[in-house]
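Participant: Have a look; sequence and predicted model below, questions after that.
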Amino acid sequence: MRRFVEGVDRNQSTLFPESLEDWVHQDNPVRVIDAFVEELDLAALGFGGVDPAATGRPSYHPAVLLKLYVYGYLNRVQSSRRIEREAGCNVEVMWLTGRLVPDHKTIADSRRDNGAAIRKV
């Protein structure tokens with residue numbers, strides 16, 4: 001295929017992405033979301049699960065789920081299933097969550113359980 005821009009062979013082994021930091025520009029809005037949520041006192045706002053339980057399966061930190069919610073709100077992605085899909089394939093969301101991919105039920109339950117706290121944010 002001469003005279004065309006060619007992609008990389010799909011069978012080529014790579015370490016994609018080498019660093020998520022390389023793929024998210026300094027002016028990207030996800031950096032604002034990250035900085036904003038990190039500065040919040042989630043316990044004072046009324047978020048549950050800020051202090052992890054001593055037993056049982058580890059849960060997602062409420063900050064991760066709030067970042068997903070804010071990202072979805074700003075990008076008009078309202079469905080929990082679509083947010084889950086974004087977390088698994090969108091590099092910006094991978095950077096925002098540290099490559100965590102909560103399932104849609106976890107995202108929906110977080111919205112339901114922390115509705116009052118989310119409105120305060």
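Facilitator: Received it, and whenever you're ready, just let me know what you need.

Participant: any idea how far the helix ranked longest in the chain is from the chain center?
Facilitator: Longest helix in the chain, counting residues (DSSP state H): helix 62-74. Relative to its parent chain, helix 62-74 has a centroid offset of 6 Å by C-alpha atoms, centre = their mean, to the nearest Å.

Participant: What lies in contact with that helix?
Facilitator: With C-beta atoms under 8 Å, 6 or more residues apart in numbering as the test, helix 62-74 has contacts from 29-30, 33-34, 36-38, 40, 42, 47-50, 77-78, 82-83, 86-87, 92-93, 96-98, 100, 102, 106-107, 110-111, 114, 118, 121. Using the backbone N, CA and C atoms, a C-beta is placed for each residue, glycine as well.

Participant: Kindly list the main-chain dihedrals of R31?
Facilitator: phi -70, psi -30 (degrees, to the nearest 10).

Participant: per-residue confidence at it?
Facilitator: pLDDT, R31: 96.
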